[in-house]
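Chemist: structure for this input, please:
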Amino acid sequence: MRMMRTLERPSQLFVRGQGSWLWDVEGDAYLDFTQGLMANSLGHCPSVLVGALRRQVDNLINPGAGYYNLGMLKLATRLCQVTDSDQAYFLSSGAEARGAAIRLASKWGQLHRGGAGRIVMVCDGSRGNVQDAPAARYWATAVDKPGTAELVGVPCNDLQALASALDERTVAVMLEPLQGETEVATREYLQAVSRLCNERGLLLILDEVQTGIGRYGALLAGELYDVRADIVTLGTGLGGGMPLAALLARGSACCFEPGDLVGSCHGNALASAAGLAVLDTVLEAGFLEHVRAAGEHLREGLVQLAGRYGHGPLRGRGLLTNLPLAGLPAAAVVEAALKERLLIGAPQAHCLRFSPALTVSHGNIDEMLKRLTRALCRVSGRN
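Modeler: Purely as a prediction, here's the structure:
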């Protein structure tokens with residue numbers, strides 16, 4: 001095996017995918033409720049994405065980040081229109097987008113708050129001091145401009161802790177609606193954070209790498225909270241499986257200058273074509289209604305199953321749901337599920353994650369619940 005062992009991978013070798021299903025080299029079909037850690041927002045090989053990529057690859061793949069391409073401009077215009085943003089920048093990963101948001105806020109602080117660069121990041125206990133800190137710190141300081149940002153972490157849903165962390169050096173508050181794998185920012189808390197940022201003259205950054213592009217049943221999770229951020233990060237599902245992320249900004253937060261961000265594949269034509277195909281599909285009439293209905297069906301089924309076996313309570317919303325386990329190791333359940341030809345995630349030692357395609361059917365969800373039940377029985381020894 002020539003692959004570096006950076007992950008513990010099972011032995012299955014997958015060769016084909018369609019919708020919610022993957023087939024291995026032996027011809028066995030697996031029901032996929034991970035979808036590439038949510039990257040495959042429309043499922044495996046959706047025709048709309050395959051068609052867009054085939055058309056684009058015949059014309060232009062990557063003219064280089066130093067030049068415009070038509071797809072880049074179209075996607076930026078469309079994203080800004082539907083998110084009420086003023087500017088967009090495209091990157092290749094969610095980690096890059098988060099770091100770029102930090103750098104943008106730091107640049108804004110240089111221009112509008114006397115060089116301040118402190119960013120308060122709302123995080124849960126599972127992520128240590130700040131969310132995604134190593135990647136965020138790297139991308140925040142990878143070039144001299146706009147300088148080094150100071151990152152400070154506070155717990156989610158604790159408004160007093162947040163208010164206490166804000167001072168004259170602070171430029172922004174950054175948070176994501178789903179904290180880690182187990183805690184969800186409440187509506188009251190997120191709206192209070194937004195008001196606090198407005199009162200203090202600070203930027204609000206919403207990290208929607210996981211929750212954006214329909215995953216919560218709205219294009220942006222912020223819509224469900226009635227909160228409008230100054231800076232938004234998108235990733236994971238934006239490219240439908242292609243490496244694509246986005247940084248959105250509005251108002252005075254649009255302050256990057258030439259040279260502040262550099263990436264050889266940023267905004268390339270092929271990834272932009274994928275992003276346009278995904279965005280247009282998610283915005284089709286009835287699509288987000290389907291996501292909300294499927295999310296409710298998934299939740300109802302998991303609540304019943306969790307109640308039967310004493311697990312829960314569920315965390316998440318829409319088609320991003322985490323199930324804390326009581327007394328069972330998540331890795332063992334994932335392994336047992338694999339034997340049932342079901343792919344699920346285990347982001348923590350005692351937590352399962354379900355992130356199916358946004359196009360998942362009620363029938364796929366019912367089948368997943370059957371296979372998950374058998375997997376839980378395998379591990380617990382209960383019927």
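Chemist: now tell me which helix or strand of this protein has the poorest mean pLDDT.
Modeler: Scoring the helices and strands of the chain by mean pLDDT, DSSP states H and E places helix 133-141 at the bottom, with a mean of 45.
Chemist: what's the first helix or strand after that helix?
Modeler: Note on helix 133-141: by DSSP states H and E, the next helix or strand toward the C-terminus is strand 150-155.
Chemist: CA atoms only for that following strand, dumped as PDB, please.
Modeler: In PDB, the C-alpha atoms belonging to strand 150-155 read as follows (Å, rounded to 0.1, in the frame of the first residue of the first chain):
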ATOM      1  CA  GLU A 150      -5.500  36.900  18.200                       C
ATOM      2  CA  LEU A 151      -8.100  34.100  18.600                       C
ATOM      3  CA  VAL A 152     -10.000  33.700  21.900                       C
ATOM      4  CA  GLY A 153     -12.500  31.000  22.600                       C
ATOM      5  CA  VAL A 154     -15.700  31.200  24.700                       C
ATOM      6  CA  PRO A 155     -18.400  28.500  25.200                       C
END
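Chemist: who does that strand touch, helix- and strand-wise?
Modeler: Packing partners of strand 150-155 (3 or more CB pairs under 8 Å, 6 or more residues apart in numbering; DSSP states H and E): strand 118-123, helix 133-141, helix 159-165. From N, CA and C alone the C-beta is placed, and that goes for glycine too.
Chemist: low-confidence ranges, the stretch 151-300 of the chain, go.
Modeler: 179-182 (pLDDT under 70).
Chemist: show me where it has helices.
Modeler: For the stretch 151-300 of the chain, the helices defined by DSSP state H, counting those that start in this stretch occupy 159-165, 187-200, 221-225, 269-282, 287-309.
Chemist: give the buried residues for the last one.
Modeler: Under the neighbour-count criterion of 16 or more other CB atoms under 10 Å, helix 287-309 has 287-288, 290-292, 294-295, 297-299, 301-303, 305-306, 309 buried.
Chemist: partners of the helix or strand following it in the sheet?
Modeler: Next along the chain after helix 287-309, taking DSSP H and E as the criterion, comes strand 315-317. Strand partners for strand 315-317, identified by DSSP bridges, are recorded as strand 320-324 (antiparallel).
Chemist: what's the strand it pairs with in contact with?
Modeler: 38, 178, 181-182, 210-211, 215-216, 295, 298-299, 302, 306, 311-316, 347, 350-355 (CB atoms under 8 Å, 6 or more residues apart in numbering).
Chemist: what angle separates it from helix 287-309?
Modeler: 10 degrees (axes from the mean of the first three to the mean of the last three CA atoms, to 10 degrees).
Chemist: in the following helix or strand past strand 320-324, which residues are buried?
Modeler: The helix or strand immediately downstream of strand 320-324 is helix 330-339, counting by DSSP H and E. Judged by neighbour count (16+ other CB under 10 Å), helix 330-339 contains these buried residues: Ala330, Ala332, Val333, Val334, Ala336, Ala337, Leu338.
Chemist: same question for stretch 275-291.
Modeler: Buried residues in stretch 275-291, counting neighbours by 16+ other CB under 10 Å, are found at Gly275, Leu276, Ala277, Val278, Leu279, Thr281, Val282, Phe287, Leu288, His290, Val291.
Chemist: of those residues, just say which sits nearest to Arg54.
Modeler: For the buried residues of stretch 275-291, the residue nearest Arg54 by CB to CB is Ala277; the value is 10.9 Å.
Chemist: once you drop chain neighbours, what's closest to the closest one?
Modeler: Of all residues not flanking Ala277 in the chain, Ala52 sits nearest, at 3.8 Å (CB to CB, 6 or more residues apart in numbering).
Chemist: contacts only, for the one you found.
Modeler: The contact partners of Ala52, by CB under 8 Å, 6+ apart, come to Ala273, Ala274, Leu276, Ala277.
Chemist: please repeat the previous calculation with a cut-off of 10 Å.
Modeler: Ala52 makes contacts with 46, 71, 240, 242, 270, 272-278, 280-281, as judged by CB atoms under 10 Å, 6 or more residues apart in numbering.
Chemist: repeat that for Leu352.
Modeler: Contacts for Leu352 (CB under 10 Å, 6+ apart) come out as 33, 181, 302, 306, 311, 321-325, 328, 330, 333-334, 337, 344-346, 372, 375-376.
Chemist: take the buried residues of stretch 275-291 and lay them out in JSON lines including distance to Thr6.
Modeler: Formatted as JSON lines, the buried residues of stretch 275-291 follow (distance: CB to CB, whole Å):
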{"residue": "Gly275", "distance to Thr6": "27"}
{"residue": "Leu276", "distance to Thr6": "32"}
{"residue": "Ala277", "distance to Thr6": "30"}
{"residue": "Val278", "distance to Thr6": "27"}
{"residue": "Leu279", "distance to Thr6": "31"}
{"residue": "Thr281", "distance to Thr6": "32"}
{"residue": "Val282", "distance to Thr6": "31"}
{"residue": "Phe287", "distance to Thr6": "35"}
{"residue": "Leu288", "distance to Thr6": "35"}
{"residue": "His290", "distance to Thr6": "36"}
{"residue": "Val291", "distance to Thr6": "32"}
